[in-house]
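K.L.:
Okay, predicted coordinates and the sequence, questions at the end:
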Amino acid sequence: MFDEKQFPEQEPEETTEEMTEELAENESVDEADVTFCEIEEEVVASGFAATHPILKEIVDWIVVLAAALVITFVIRTFVFTMVVVDGPSMENTLKTGDRLAVVRLAYEPKQGDIIVFYPNGNKERPYIKRVIAIEGQTIDVRDGNVYVDGALIEEPYLGSPTTESGNQSYPITLPEGYLFAMGDNRQQSLDCRSTSVGLVDYQDVVGKAWVRLFPFDNRFGSLY
């Protein structure tokens with residue numbers, strides 16, 4: 001005899017339509033949670049900006065000033081710097097109070113250039129003079145004249161004649177990496193003619209005086 005207890009009635013399985021509706025409800029909840037989190041983050045961020053506007057502005061200014069200082073340091077160290085002439089040694093080309101821009105970047109000394117350098121590596125008081133001879137050349141100062149490689153050089157820039165040859169022993173053939181510089185005002189210039197200054201090591205050269213920036217008179221402009 002058939003016993004219904006042996007085969008209990010099974011609950012009907014969910015239909016495909018019911019499962020689809022359930023999944024749709026779950027997806028709706030997940031999407032709502034994501035949207036809520038995004039809104040919450042925006043509220044927090046905008047609230048911070050609203051309650052700390054002064055702090056944010058201070059931070060922005062600090063960043064700008066720090067960047068400006070770094071750029072200024074790089075430019076002054078590797079590109080160019082500013083100097084003020086003090087003394088009569090380069091008259092009448094340069095005078096006390098003249099403000100000059102000095103090029104540092106990749107400068108290679110050349111005969112006739114006006115340069116700034118540290119005599120004997122002393123960085124306490126830089127000198128400004130004119131390059132008369134460079135490495136490998138031979139210089140001789142005698143009888144009020146200057147000779148480079150045996151040839152008398154023309155010096156239309158002189159503020160006074162070369163009446164003093166100093167205490168150097170001439171002629172001098174400049175070794176590699178050294179130059180000979182003198183002021184344009186030869187009678188009032190302490191320069192390479194004196195053994196107290198000696199020859200100028202290329203490594204002690206700050207750079208080339210490029211342009212006179214002040215005063216704004218007929219001498220304003222390039223020093224080439």
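P.N.:
Yep, it's here. Numbering: from 1, shown residues only.
K.L.:
which secondary element of this protein has the worst mean pLDDT?
P.N.:
Lowest by mean pLDDT, DSSP states H and E among the helices and strands of the chain is helix 16-51, with a mean of 46.
K.L.:
any low-confidence regions in this protein?
P.N.:
Scanning the chain for pLDDT under 70 picks out 1-51, 71-79, 224.
K.L.:
Would you state the strands of it in chain order?
P.N.:
Using DSSP state E, the strands of the chain run over residues 80-84, 99-103, 114-117, 127-133, 138-142, 145-148, 151-152, 172-173, 178-182, 200-201, 205-214, 221-222.
K.L.:
want to try CSV for these, with mean neighbour count and distance to Val59 as columns?
P.N.:
Every C-beta, even on glycine, is put in place using the N, C-alpha and C of the backbone. Rendered in CSV, the data for the strands of the chain read as follows (neighbours: other C-beta atoms under 10 Å; distance: least, C-beta to C-beta, whole Å):
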stretch, mean neighbour count, distance to Val59
strand 80-84, 14, 31
strand 99-103, 18, 34
strand 114-117, 22, 39
strand 127-133, 24, 43
strand 138-142, 18, 59
strand 145-148, 18, 59
strand 151-152, 9, 64
strand 172-173, 14, 59
strand 178-182, 25, 49
strand 200-201, 21, 46
strand 205-214, 19, 35
strand 221-222, 10, 43
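K.L.:
Would you format those strands as JSON lines with distance to Pro161 included?
P.N.:
Listed next are those as JSON lines, based on distance: least, C-beta to C-beta, whole Å:
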{"stretch": "strand 80-84", "distance to Pro161": "27"}
{"stretch": "strand 99-103", "distance to Pro161": "25"}
{"stretch": "strand 114-117", "distance to Pro161": "19"}
{"stretch": "strand 127-133", "distance to Pro161": "14"}
{"stretch": "strand 138-142", "distance to Pro161": "11"}
{"stretch": "strand 145-148", "distance to Pro161": "9"}
{"stretch": "strand 151-152", "distance to Pro161": "13"}
{"stretch": "strand 172-173", "distance to Pro161": "20"}
{"stretch": "strand 178-182", "distance to Pro161": "12"}
{"stretch": "strand 200-201", "distance to Pro161": "22"}
{"stretch": "strand 205-214", "distance to Pro161": "23"}
{"stretch": "strand 221-222", "distance to Pro161": "26"}
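K.L.:
Of these, give the one that comes closest to Leu190.
P.N.:
strand 127-133 (8.0 Å; C-beta to C-beta).
K.L.:
Report the angle between that closest one and strand 99-103.
P.N.:
Interaxial angle, strand 127-133 versus strand 99-103 (axes from the mean of the first three to the mean of the last three C-alpha atoms, to 10 degrees): 50 degrees.
K.L.:
before we move on, back to that, Gln188: which of the strands of the chain is closest?
P.N.:
strand 178-182 (11.4 Å).
K.L.:
now for the closest one, which elements pack on it?
P.N.:
Packing partners of strand 178-182 (3 or more C-beta pairs under 8 Å, 6 or more residues apart in numbering; DSSP states H and E): strand 127-133, strand 200-201.
K.L.:
Report the strands that pair with that strand, each with its relative direction.
P.N.:
In the sheet, strand 178-182 lines up against strand 127-133 (antiparallel), strand 200-201 (antiparallel) (DSSP bridges).
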